[in-house]
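>>> Sharing a model prediction with you, sequence too.
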Amino acid sequence: MTPADPPPSEPDGGDPRLVALLRHEIETAPDGRITFARFMERALTEPGLGYYATSADRPTRAGDFLTAPELHPFFGRCIARWLDRTWTSMGRPQRFAVREHGAGRGTLASTSLEGLRAEGSGSADLVEWQPVDVPGRHPEPGTGPFTGVVLANEYLDALPVHRLVQRDGVLRECFVTWRDGAFAWVEGAPSRPDLDASIRRAGVTLAEGQLVEVRPTVGAWLRALAAELRHGVLLVIDYGHPAVELYGPRRMGGSLVTYRGHTAADDPLRWVGQQDITTHVDLSDLDHHARAAGLTPLGRTTQARFLAALGLGELLADLGRRPDTEIPAYLAARAAVARLLDPRHLGGFAVVAYGIGMPADATLPGVPDADPTLADGAGADPTPAGTTGADATLAGAAGGDPRG
Ligand SMILES: C[S@@+](CC[C@H](N)C(=O)[O-])C[C@H]1O[C@@H](n2cnc3c(N)ncnc32)[C@H](O)[C@@H]1O
């Protein structure tokens, strides 16, 4: 089923105030419709009403889905090891910021800082963690140049997307309107002429009726961070694919997924403000804009390889050897490790790093070939480094539920 031909979505269960705000915006818009990117932006981040604006606890067991930092503190321990390595390869700067985009409730910060102390890292006492999230959740980090690391774990997938569909050989945009008491899809000419830039760069011809999502704000995000990061590394961890795969024939329906109560579904026009809306990240688009912003690729791998290279298995073995470890805690850790390494789920997430002012031999742990030029082709889009064989299915290529 395509957005052009759905049964009308009922706004049932959605926050009535948010539904009313969106409906008002639609009904007062010149064409009686808004882009899906605008709908998604307000549904997720509208101050006081949006899905992420109303709770920091969405990615928890009590919430709607589970992220790696929330799954087990071992994830933060591994990130701590990576931070220590990165800090060391940068020459142990005495001022070292970790700016975390999509920091949520701060679990990655607390487990990583604990990890730096447990590992005896010289950076433990000087790291300045700068969480960034929806307005009002954390103090603003301030502006200006800084040295350190930018982290984005499951952040880019939450940024708004436009939905496009191929009709009679022409690309159309899927807008959101209000019809028969519910939000509904309506197609029209694209709201911006450059919306298909990432698809064209990839040289992909969409099939008739194929639905895709594009995220044009990634370039601006990268330019803004590259303007401030004077020396350091950007580390993105997310479900994503090279463009040829993301816009390829295996994904006729796009990659949009909603989450509510640990159940994945695919209708973003329901449960407005009460369900997550997410799509996979276009790794080729990320690469294009990162290079254009002056960032140098340091490597791309899968989360499984990245975490294994940082000693995730040894952390579990050490826990098992400690005489004070309770069996339930060990079993929980073992189950979490299996999930973090499973290439069909969290283990298949992409881990991508870019540097500014980094030494030529700086690489990403878990990238078997140290040649950073293998990290992505500028347009050619080869199989990314570290993703050969079974790992070529970055982030659950076959299914629609990457967090599953
Ligand atoms: C999927 S959650 C991941 C949270 C955390 N990084 C983790 O791994 O548990 C996405 C996070 O991005 C934040 N977020 C979503 N859209 C955002 C936006 N437009 N600006 C800033 N933060 C945003 C959400 O509030 C949420 O904390």
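Happy to help now that I have it.
>>> which residue packs closest to residue 17, ignoring adjacent ones?
Nearest-residue entry for residue 17: residue 49, 5.8 Å, with adjacent residues in sequence omitted and distances by C-beta to C-beta, 6 or more residues apart in numbering. C-beta here means a position set from N, CA and C on the backbone, and glycine is covered the same way.
>>> List the contacts of stretch 322-334.
Stretch 322-334 is contacted from outside by 72, 74, 316, 319-320, using C-beta atoms under 8 Å, 6 or more residues apart in numbering.
>>> Restrict those residues to those that also contact the ligand, please.
With C-beta under 6 Å from any ligand atom as the criterion, the contacts of stretch 322-334 include none near the ligand.
>>> Nearest to the ligand among the residues you listed?
Closest approach to the ligand among these (C-beta to the nearest ligand atom): residue 72, at 12.0 Å.
>>> May I have the secondary structure class of the closest residue in space to the closest one that isn't next to it in sequence?
Here the nearest residue to residue 72 in space, its sequence neighbours aside, is residue 336; by C-beta to C-beta, 6+ apart that works out to 3.5 Å. Following DSSP: H, G, I helix; E, B strand; the rest coil, the label given to residue 336 is helix.
>>> Which residue ranges of the stretch 101-250 of the chain form helices?
Using DSSP state H, counting those that start in this stretch, the helices of the stretch 101-250 of the chain run over 107-118, 197-201, 218-228, 243-246.
>>> can you tell which of these is closest to residue 37?
Closest approach to residue 37 among those is made by helix 218-228 (12.2 Å; C-beta to C-beta).
>>> can you list the contacts of stretch 322-334 in JSON lines and add neighbour count and pLDDT?
Below are those laid out as JSON lines (neighbours: other C-beta atoms under 10 Å; pLDDT from 0 to 100):
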{"residue": "72", "neighbour count": "22", "pLDDT": "98"}
{"residue": "74", "neighbour count": "24", "pLDDT": "98"}
{"residue": "316", "neighbour count": "18", "pLDDT": "98"}
{"residue": "319", "neighbour count": "16", "pLDDT": "98"}
{"residue": "320", "neighbour count": "12", "pLDDT": "97"}
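>>> Which of the residues you listed fall in helices?
74, 316, 319-320 (DSSP state H).
>>> rewinding a little: and the helices of the stretch 101-250 of the chain: which comes nearest the ligand?
Going by C-beta to the nearest ligand atom, the one of these nearest the ligand is helix 107-118, 6.1 Å.
>>> could you give the mean pLDDT of the closest one?
In this model, helix 107-118 has an average pLDDT of 98.
>>> For it, name the packing helices and strands.
For helix 107-118, the packing partners by 3 or more C-beta pairs under 8 Å, 6 or more residues apart in numbering; DSSP states H and E come out as helix 68-71, helix 73-89, strand 96-101, strand 127-132.
>>> What are the buried residues along it?
Within helix 107-118, the residues that qualify as buried by neighbour count (16 or more other C-beta atoms under 10 Å) are 107-109, 111-113, 115-116.
>>> Widest-spaced pair of those residues?
The span of the buried residues of helix 107-118, defined through C-beta to C-beta, is set by 107 and 116 at 15.0 Å.
>>> Flag the shaky bits of the chain, pLDDT-wise.
Across the chain, the ranges flagged by pLDDT under 70 are 1-12, 369-399.
>>> near the ligand, which residues of it?
The chain comes close to the ligand at residues 44-45, 52, 59, 67, 69-70, 102, 104, 133-134, 153-155, 158-159, as judged by C-beta under 6 Å from any ligand atom.
>>> which secondary structure elements does the strand or helix carrying residue 353 contact?
Secondary structure assignment for residue 353, by DSSP states H and E: strand 350-356. On a contact count with 3+ C-beta pairs under 8 Å, 6+ apart, strand 350-356 meets strand 229-238, strand 240-241, helix 283-292, strand 296-302, helix 303-309.
>>> ok, the residue nearest to residue 122 when sequence neighbours are not counted to the ligand distance?
Counting by C-beta to C-beta, 6+ apart, residue 122 lies nearest to residue 92, which is 6.3 Å off, once chain neighbours are set aside. Distance of residue 92 to the ligand, given as C-beta to the nearest ligand atom, to the nearest Å: 27 Å.
>>> Surely residue 92 touches residue 127?
No. Between residue 92 and residue 127 there is no contact under C-beta atoms under 8 Å: 11.9 Å.
>>> These two: who's more crowded?
Applying other C-beta atoms under 10 Å to residue 92 and residue 127 shows that residue 127 carries more neighbours, namely 22 against 13.
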